[in-house]
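> pasting the sequence and the predicted model now:
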Amino acid sequence: MKPIKVLVVDDSLLFRKIISYALNEDSDIEVVAMAADPFQARDMILRFKPDVMTLDVEMPRMNGIDFLRKLMPQYPIPTVMLSSLNESVFDAMNAGAVDFVNKPVSENAEHLAAWAKEELIVKIKIAAAANIRTSRQEGAKIVHGRNYGNKILAMGASTGGTEALSAVISKFDTDIPGTVIVQHMPPGFTRMYAERLDKQNKVTVKEAENGDLVEQGKILIAPGNRQMRLTRSAGLYRVEVKEGAKVSGHCPSVDVLFQSVARAAASDAVGVIMTGMGSDGAAGLLAMRRAGAKTIGQDEKSCVVYGMPKVAFDIGAVAQQVSLENIASKVYNMFNTMP
């Protein structure tokens, strides 16, 4: 198999050299070019035709986000953003980036090389398999207007999920049942993501805290590096948010959340597994379906990475595969048919 051709774009010469050296030590990756700014990057893309680009957000002459917005309509190249802990990374996802990594502050050569091997290489390999979507379709009309009672919506996603979840949540109204979500993301970013969604949508969205009530019109997102479970007591749903070991390779884990929803909500729940690499959430969604919950898997065509939904479908956890544009309407339809 041919190695993944990578273009490294960063204004720091030291960073470019150290990262390129670290990436080239992996036999599956070949750094074919480096660029100090988006103008050089454009020329390198045309010349070397890389499979994946790593792109810094903050650069001279043009920032990485503006560059992506100009680039993607003509050259939809899978891109991994390198970002410090700030909200601009979500603008990059909206502009078409596949994923992001938290860029180290230190320029210590040993530290950077270790970071590249532990975090960046994984993201590059995932990006190389990504489906870059350059257009969206309108979804089916949503029927609102009933009280859904004590129902629960549970959703899980990974690579490509920040934008996919945002697209679904934008169609929710305040009548949506209490919603719990795991999106694989580092600590700090989950809080910013929740605050961003809260500002943009009709529903209330927040990063979950231990003991939070799960109620109609509210969405709780699991914090990075914490496991989140649904509990039920005296007829009320709450979340338990605690430190814990990785499950299915992740903390937070979709499997952990879905398994708890199967126990606490059973047939009063709808589960949705969306774009992402790996298998996290598949076993949990199967447990939900066996407990009587209705289940949805995002279809292959609309996924950035058809990994988690595929595994879930293959083991029989998914009752219906649905395009991203129609997930919100399907969720409402499922709740509308519940007793």
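Nice, thanks for sending it over.

> mind giving me the packing neighbours of the one helix or strand Phe100 maps to?
Taking DSSP states H and E as the criterion, Phe100 maps to strand 99-102. On a contact count with 3 or more C-beta pairs under 8 Å, 6 or more residues apart in numbering; DSSP states H and E, strand 99-102 meets strand 79-83, helix 88-95, helix 121-128. Bear in mind the C-beta positions are built from the backbone N, C-alpha and C, glycine included.

> can you give the distance of that strand from its chain's centre?
Relative to its parent chain, strand 99-102 has a centroid offset of 11 Å by C-alpha atoms, centre = their mean, to the nearest Å.

> can you give me the strands for the stretch 1-150 of the chain?
Using DSSP state E, counting those that start in this stretch, the strands found in the stretch 1-150 of the chain span residues 4-9, 29-35, 52-56, 79-83, 99-102.

> can you check the stretch 201-339 of the chain too?
Using DSSP E, counting those that start in this stretch, the strands of the stretch 201-339 of the chain run over 204-207, 218-221, 227-233, 236-242, 269-273, 294-298, 320-322.

> show me which positions of the fourth one end up buried.
Same thing as strand 236-242. Tyr237, Arg238, Val239, Val241 (16 or more other C-beta atoms under 10 Å).

> output stretch 75-94 as CSV - backbone C-alpha positions only.
Written as CSV, here are the backbone C-alpha positions of stretch 75-94 (Å, rounded to 0.1, in the frame of the first residue of the first chain):
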residue,chain,number,x,y,z
TYR,A,75,-9.7,21.3,-3.9
PRO,A,76,-11.5,19.3,-1.2
ILE,A,77,-8.4,17.9,0.6
PRO,A,78,-8.8,16.1,4.0
THR,A,79,-7.3,18.5,6.5
VAL,A,80,-6.3,18.1,10.2
MET,A,81,-6.2,21.5,12.0
LEU,A,82,-3.6,22.3,14.6
SER,A,83,-5.2,24.6,17.2
SER,A,84,-4.6,26.1,20.6
LEU,A,85,-7.5,25.9,23.1
ASN,A,86,-9.9,28.4,21.5
GLU,A,87,-13.2,28.4,19.7
SER,A,88,-11.7,29.1,16.3
VAL,A,89,-11.2,25.3,15.8
PHE,A,90,-15.0,25.0,15.3
ASP,A,91,-14.9,27.6,12.6
ALA,A,92,-12.2,25.4,11.0
MET,A,93,-14.5,22.4,11.2
ASN,A,94,-17.3,24.4,9.6
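
> number of residues surrounding Ala317?
Neighbour count of Ala317, defined by other C-beta atoms under 10 Å: 24.

> heads up, I number from 44, so please use that
Okay, using 44 as the starting number, the last item reads as Ala360.

> and the pLDDT for it?
Note on Ala360: pLDDT of 98.

> any idea how far Arg189 is from it?
Relative to Arg189, Ala360 is positioned 27 Å away (C-beta to C-beta, to the nearest Å).

> how near is the closest residue to Ala159 other than its chain neighbours to Ile167?
Excluding its sequence neighbours, the residue lying closest to Ala159 (C-beta to C-beta, 6 or more residues apart in numbering) is Ala65, at 3.8 Å. Distance of Ala65 to Ile167, computed by C-beta to C-beta: 11 Å.
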